[in-house]
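In: generate a structure from the sequence data that follows.
(one chain, ligands or ions: 1)
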Amino acid sequence: MTQKAVNPVFMPGDAPEDCTLCPRLTAFRAENRKKYPAFYNGPVPSFGDADPELLIVGLAPGMKGANQTARPFTGDYAGDLLYATLAKFGYTSGTYQTMGNDGLTLKNVLITNAVRCVPPQNKTIAEEENNCRPFLINQINNSGRLKIILALGLVAHKSVLTTFGLKKSAFKFAHNALHPLGNVIGDKNITLIDSYHCSRYNTNTRRLTVDMFEDVFRKIQNFLK
Ligand code: URA
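Out: Residues are numbered from 1 along each chain as shown. Predicted coordinates for the structure are as follows:
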C-alpha cells in the first residue's frame, strides 16, 4: 500500500475519514485515490487552536493542496497568502511549509472549510454545502471562546449565515464588512467578517490585493483587543 504524504489530525466533531454524505464527492474521492494514491483524498479536518476566538471558513480543499496534505489551505496557492498573513499578525508559531510537515501551530485561530472534500472543478453544489454544515455547527459549538468568524468568499459567508439560521438578504457579502450576528447560538455573541477568497484567481485579477487582505486582519485584531 502506498504511504500517505501526511496523516490527518482530527478534532472532535470533524467529518469522519470515510464520510459518504455526498455521492458526487465520494465518487470523486474514489477516482482520486486511484489517480493520486499518495494523497490524503478524504474530508480535510479543521486545523489550529481547538478553542479559538477567530474561526476562518474557506470554501473547499484544492485538489493538489489540502486534498493532498490533509490540512486546510496547505499546498494550495491560497494558503501562501493566508499563512503568510496569519504569521504577520502573530497567529502562528513555526514556519509554514507547503507539504504541511512543518510543525506549524496556530494561536487563537482555527481554519476550516464550508465543504471538506475536494469538489470537481473546484465548485461545490448547494447539497454538499448543506451536507457538510453539521461539521461547521460542531466546530462552532465546540468553540466556547469564539468571537469572530472570517468567511473567505461568498460560499463560506452563506454557509455561516445558514448555520445561524439568518437571512442572507439581511447580511450582504462585502469585503472587509463586519456583521454582528447577535446572540443567536446559545450564549454566543458572534460577529462575521467577510473577505474575498484569497484564491489565485482573485489575487491575479487584483480583486484581492495583499493590502486588502491585511486590512481584514487589522480589523479582526482591533476587534479582538
Ligand atoms: N484550500 C482550502 O483548504 N480551502 C480553500 O477554500 C481553498 C484552498
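In: state the distance from the residue lying closest to residue 212 once chain neighbours are set aside to the ligand.
Out: The shortest distance from residue 212 to any residue other than its chain neighbours is 6.6 Å, reached at residue 175 (CB to CB, 6 or more residues apart in numbering). C-betas here are computed from N, CA, C, even on glycine. From residue 175 over to the ligand the distance is 16 Å, taken as CB to the nearest ligand atom, to the nearest Å.
In: helix or strand: which one has residue 175?
Out: If you go by DSSP states H and E, residue 175 is not part of any helix or strand.
In: for it, give me its contacts.
Out: Applying CB atoms under 8 Å, 6 or more residues apart in numbering, one finds that residue 175 lies in contact with 194-196, 208, 212, 216.
In: now render those as a markdown table, adding pLDDT.
Out: Shown next, in a markdown table, are the contacts of residue 175 (pLDDT from 0 to 100):
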| residue | pLDDT |
| --- | --- |
| 194 | 98 |
| 195 | 98 |
| 196 | 98 |
| 208 | 98 |
| 212 | 98 |
| 216 | 98 |
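In: check which helix or strand covers the closest residue to residue 98 other than its chain neighbours.
Out: Sequence neighbours aside, residue 75 is the residue nearest to residue 98 in space, at 4.5 Å (criterion: CB to CB, 6+ apart). Counting by DSSP H and E, there is no helix or strand that carries residue 75.
In: residue 75 is in contact with residue 62, isn't it?
Out: Yes: counting by CB atoms under 8 Å, residue 75 sits close enough to residue 62 to count as a contact (7.4 Å).
In: roughly how far does residue 40 sit from the ligand?
Out: In terms of CB to the nearest ligand atom, residue 40 sits 12 Å off from the ligand.
In: just give the number of residues close to that residue.
Out: Residue crowding around residue 40 was assessed by other CB atoms under 10 Å; the count is 26.
In: equivalent analysis for the one 5 residues further on, please.
Out: Applying other CB under 10 Å, we find 23 residues neighbouring residue 45.
In: got it, and residue 204?
Out: The local packing of residue 204 (other CB under 10 Å) involves 10 other residues.
In: next one: phi and psi at it?
Out: Listed backbone geometry of residue 204 is phi -60, psi -40, with angles given as degrees, to the nearest 10.
In: and the contacts of residue 175, which of them are in helices?
Out: Among the contacts of residue 175, the members falling in helices are 212, 216 (criterion: DSSP state H).
In: and the buried ones among the contacts of residue 175, selectable in ChimeraX?
Out: Per 16 or more other CB atoms under 10 Å, the buried members of the contacts of residue 175 correspond to this ChimeraX selection:
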select :194,195,196,208,212,216
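In: now render the contacts of residue 175 as JSON lines, adding distance to the ligand.
Out: Rendered in JSON lines, the data for the contacts of residue 175 read as follows (distance: CB to the nearest ligand atom, whole Å):
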{"residue": "194", "distance to the ligand": "14"}
{"residue": "195", "distance to the ligand": "11"}
{"residue": "196", "distance to the ligand": "12"}
{"residue": "208", "distance to the ligand": "13"}
{"residue": "212", "distance to the ligand": "17"}
{"residue": "216", "distance to the ligand": "15"}
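In: many thanks, have a good one.
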